[in-house]
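S.K.: quick check, what structure comes out for this input:
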Amino acid sequence: MSRRRLSTRSGRRISIVSCLGILLNRETRPGNIFPTARVLRGETFLVCAMQNAPNRYSPVRSTAPPPGRFDFLTIFFHWTTVVLIASIIASAVAISHARNAKAIGFLLTIHRSLGATVWLTTVLRLLWRQTFAYFPPFPGHMHVIHRWVVTTSEKILYTLLVIQPLTGLGDTLLRGCQFSLFSFTIPAVLPAAPVVAGLFHTLHYGGAVILFCLIGAHAAAALLHHFVLRDDVLRAMLPWLRPAGRPLRDLRPTEKAVELR
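M.R.: The predicted model follows:
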């Protein structure tokens, strides 16, 4: 039984032993195949999806969310990040308009603390994304190029969410002064380097502009899918609305479900 082999249309083969990682909620990648287990009416199926185009196959979770919907933690991380980013933008605007030194210092503390929280939230979100996160399939009408644009923009967003707090930290540290983070006072740990600090400040500002544009495009695309294309892309991430059951992406032609007996 342990030596029984399962094959896909592409001719690739995968043993039942290599599927144990799937059943234990761990990702297994023999070659360039993504195995994904599904349990339907007590029967276990194996879907072997070839990596011919960007897709959203993810490791299996023991209790998957309703079809067409992200899992709870992914939704939580997403909207937590939205609130944090909105607060960071508001604090940055307030800093640029503040005239009182004490107010500026207080706003900078809030800005830095929110940035540190965004960095930590993003790291945890990426860890969850690479382990047990569940991603609903793309809508069937999305072209492969459209899917590539979506996945690429997501990678850029995650990269900026990780880098932005670090460029801000570099700007702060290289000023050679103590600063406040949350309720803590951090002493000066590096000598003042105004030129390098200015470079980090420029990078931080430029990254903020790019991040703001990408977030705007991301939100606009979600609204386009919801109100114009009328699919479940937005509903899949909304915590208070469930997908309306509109068709999502079909299985690719190279995918095949094989029953494990």
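S.K.: quick one: low-confidence ranges for this protein?
M.R.: Regions of the chain meeting the criterion pLDDT under 70 cover residues 1-67, 241-261.
S.K.: helices along that one, start to end?
M.R.: 20-23, 72-97, 101-129, 144-173, 194-224 (DSSP state H).
S.K.: so for Pro136, which of those helices sits nearest?
M.R.: For Pro136, the closest of the helices of the chain is helix 72-97, at 10.1 Å, according to CB to CB. Yep, even glycine has a C-beta here, placed from its N, CA and C like the rest.
S.K.: remind me what that closest one packs against, helices and strands.
M.R.: In terms of contacts (3 or more CB pairs under 8 Å, 6 or more residues apart in numbering; DSSP states H and E), helix 72-97 is packed against helix 101-129, helix 194-224.
S.K.: what's the last one packed up against?
M.R.: Think helix 194-224. Under the contact rule (3+ CB pairs under 8 Å, 6+ apart), helix 194-224 is packed against helix 72-97, helix 144-173.
S.K.: thinking again about what came up before, how about the helices and strands packed on helix 72-97 in JSON lines, adding distance to Ser87?
M.R.: As requested, the helices and strands packed on helix 72-97 are arranged in JSON lines below (distance: least, CB to CB, whole Å):
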{"stretch": "helix 101-129", "distance to Ser87": "5"}
{"stretch": "helix 194-224", "distance to Ser87": "13"}
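S.K.: now Phe182. Nearest residue, chain neighbours left out?
M.R.: Spatial nearest neighbour of Phe182, excluding adjacent residues (CB to CB, 6 or more residues apart in numbering): Ser113 at 4.9 Å.
S.K.: would a markdown table of the helices and strands packed on helix 194-224 with distance to Val228 be doable?
M.R.: Shown next, in a markdown table, are these (distance: least, CB to CB, whole Å):
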| stretch | distance to Val228 |
| --- | --- |
| helix 72-97 | 22 |
| helix 144-173 | 14 |
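S.K.: how about those in TSV, adding mean neighbour count and distance to Thr185?
M.R.: What follows is the helices and strands packed on helix 194-224, written out as TSV (neighbours: other CB atoms under 10 Å; distance: least, CB to CB, whole Å):
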stretch	mean neighbour count	distance to Thr185
helix 72-97	15	19
helix 144-173	17	13
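S.K.: wait, which of these is closest to Phe135?
M.R.: The closest of these to Phe135 is helix 72-97. By CB to CB, the value is 7.7 Å.
S.K.: got the angle for the closest one vs helix 101-129?
M.R.: With axes from the mean of the first three to the mean of the last three CA atoms, to 10 degrees defining the directions, helix 72-97 sits at 160 degrees from helix 101-129.
S.K.: make TSV out of the helices of the chain and add distance to Ala188.
M.R.: Formatted as TSV, these follow (distance: least, CB to CB, whole Å):
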stretch	distance to Ala188
helix 20-23	48
helix 72-97	21
helix 101-129	15
helix 144-173	8
helix 194-224	12
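S.K.: rewinding a little: nearest to Gln178, out of the helices and strands packed on helix 72-97?
M.R.: That would be helix 101-129 among the helices and strands packed on helix 72-97, by CB to CB, at 11.2 Å.
S.K.: what's the closest non-adjacent residue to Leu166?
M.R.: Residue nearest to Leu166 in three dimensions, not counting chain neighbours: Trp119, with 7.3 Å by CB to CB, 6+ apart.
S.K.: relative to Asn100, how far out is the nearest residue in space to Ala208 that is not next to it in sequence?
M.R.: Leaving aside its sequence neighbours, Ala208 sits nearest to Gln164 (CB to CB, 6+ apart; 6.7 Å). Applying CB to CB, to the nearest Å, the value for Gln164 to Asn100 is 26 Å.
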